[in-house]
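Q: What shape does this take:
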Amino acid sequence: MITGIKGSSLRRAAAVAVASGALLTTSALTAAPAQAASAPSIVAAGGYAMNNSTGASLYTKAADTRRSTGSTTKIMTAKVVLAQPNLNLDAKVTIPKGASDYIVANNASSAGLIVGDKVTVRQLLYGLMLPSGCDAAYVLADKYGSGSTHSARVTSFLGKMNSAAKALNLKNTHFDSFDGIGKGSNYSTPRDLTKIASSAMKNANFRAIVKTKSYTAKTVTKTGSTRTMKAWTNTNTLLSSYSGAIGVKTGSGPEAKYCLVFAATRNGKTVIGTVLASSSVTQRGTDATKLLNYGFTK
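A: Residues are numbered from 1 along each chain as shown. Alright, predicted model coming up:
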């Protein structure tokens, strides 16, 4: 209802309204899809995004199909370590030769830890999550598993990883490795990995680590001197390319292809999600960016 316009003004306003009626109608129609953005197309074989505070699904693509997870496995490795009772992040651990041998035998990604150096648990967690150090994963599993041999301690630590998955009521996740170099039974899904990451992100230490772009550790050598390690750079490129990105972890491998568990906060809302089996490092970032953008529109 138009009020407060007299005589000819009112008639002119009515005429304009009638004349532009068709235009208003068509522009309203064309505007509608922009308001409800259509779900994006991603190259990754599986994808999932959710509202981190409500747990509401924002996007799904083969979200419950089990796939190899590569180094995104290390999210659970870190979560288990950070959940240990009476955890002392400043406790020092001596790097065993086994960690170096493991890297060589598996041609695995490494934090470049030096045998005999004393490294804090905190530093090991940065070495695990930024350069995706399988040597750091080896040492952490050895320290926080129980048993008289390395093999027994690893088995114990994997038990803790699987118990943590069970506690989150995840039906499509199983770990047979502490770093993602699986032995045939290391798998999860985009939905499950997102839930693991969301749970891990409740820990302040975890959040601080996974949003860090670069970290330089100072370790103690066998002779007691200080070694300044080469800086560890976070493999998660979204931290630099996506405004509001806060984590969390990359993964790759012959079977896993290119994976990324991602999270970003904008205007007080956090979108968290996963892409599995994308085609390249660049493409997994593009896929994740699409899901974040779409998630924020929803």
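Q: isn't Thr235 right next to Thr250, touching?
A: Yes. Taking contacts as CB atoms under 8 Å, Thr235 lies within contact range of Thr250: 4.4 Å. (C-beta placed from N, C-alpha, C; glycine too.)
Q: what touches both of the two?
A: Residues touching both Thr235 and Thr250 by CB atoms under 8 Å, 6 or more residues apart in numbering: Ser132.
Q: Quick check on those two: which one has the bigger neighbour count.
A: Comparing Thr235 with Thr250 by other CB atoms under 10 Å, the one with more neighbours is Thr250, at 25 against 18.
Q: residue contacts, that one?
A: With CB under 8 Å, 6+ apart, Thr250 has these contacts: 70-72, 132, 235-236, 258-260, 281, 284.
Q: Confirm it sits in a strand?
A: Yes. Counting by DSSP: H, G, I helix; E, B strand; the rest coil, Thr250 is part of a strand.
Q: For it, give the beta-bridge partners.
A: Residues in a beta bridge with Thr250, per DSSP bridges, are Leu260.
Q: Check the gap between it and Arg153 for me.
A: According to CB to CB, to the nearest Å, Thr250 and Arg153 sit 26 Å apart.
Q: can you check Thr228 too?
A: Going from Thr228 to Arg153 by CB to CB gives 30 Å.
Q: So these two - more neighbours on which side?
A: Counted by other CB under 10 Å, Thr228 and Arg153 do not tie: Arg153 has more neighbours, with 17 against 9.
Q: Can you give me the pLDDT of that one?
A: pLDDT recorded at Arg153 is 98.
Q: now swap in the one 4 residues further on and tell me
A: According to the model's per-residue confidence, Phe157 sits at a pLDDT of 98.
Q: OK, contacts around it?
A: Contacts for Phe157 (CB under 8 Å, 6+ apart) come out as 80, 140-142, 144-145, 178.
Q: biggest separation within those, which pair?
A: Largest separation among those by CB to CB: Val80 and Asp142, giving 13.0 Å.
Q: These two: which has the busier surroundings?
A: Shown here are Val80 and Asp142; by other CB under 10 Å, Val80 has more neighbours (25 against 21).
Q: and the residue nearest to Ala49 when sequence neighbours are not counted, which of the three is it?
A: Setting aside the residues directly before and after it, Ala49 is nearest to Gly273 in space (CB to CB, 6 or more residues apart in numbering), at 3.4 Å. Secondary structure for Gly273, judged by three-state DSSP, is strand.
Q: Any idea what Gly273 is bridged to?
A: Here Gly273, judged by DSSP bridges, has bridge partners Ala49, Phe262.
Q: And it, how far from Lys222?
A: Note on Gly273: its distance to Lys222, by CB to CB, is 44 Å.
Q: Likewise for Ser278?
A: 42 Å.
Q: Which helix or strand contains the residue lying closest to Asn52 once chain neighbours are set aside?
A: Once flanking residues are discounted, Asn52 sits nearest to Thr270: 3.8 Å by CB to CB, 6+ apart. According to DSSP states H and E, Thr270 maps onto strand 269-278.
Q: After that strand, which helix or strand is next?
A: By DSSP H and E, the next helix or strand past strand 269-278 is helix 281-297.
Q: chain center to that following helix, what's the gap?
A: The chain centroid and the centroid of helix 281-297 are separated by 12 Å under CA atoms, centre = their mean, to the nearest Å.
Q: Quick check: which helices or strands does it pack against?
A: strand 46-51, strand 57-61, helix 238-241, strand 245-253, strand 257-266, strand 269-278 (3 or more CB pairs under 8 Å, 6 or more residues apart in numbering; DSSP states H and E).
Q: Out of the ones you listed, which is closest to Val119?
A: strand 245-253 (20.2 Å).
Q: Would you mind getting the angle between that closest one and strand 269-278?
A: Orientation check (axes from the mean of the first three to the mean of the last three CA atoms, to 10 degrees): strand 245-253 against strand 269-278 gives 10 degrees.
Q: Just the CA atoms of strand 245-253, as CSV, please.
A: This file holds the C-alpha atoms of strand 245-253, laid out as CSV (Å, rounded to 0.1, in the frame of the first residue of the first chain):
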residue,chain,number,x,y,z
ALA,A,245,40.9,-20.8,7.7
ILE,A,246,41.8,-22.3,11.0
GLY,A,247,43.0,-25.9,10.1
VAL,A,248,43.2,-28.8,9.9
LYS,A,249,45.2,-31.5,8.0
THR,A,250,46.3,-32.7,4.6
GLY,A,251,46.8,-36.3,3.5
SER,A,252,48.0,-38.1,0.4
GLY,A,253,49.1,-41.5,-0.8
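Q: tell me the mean pLDDT for it?
A: Computed over strand 245-253, the average pLDDT equals 97.
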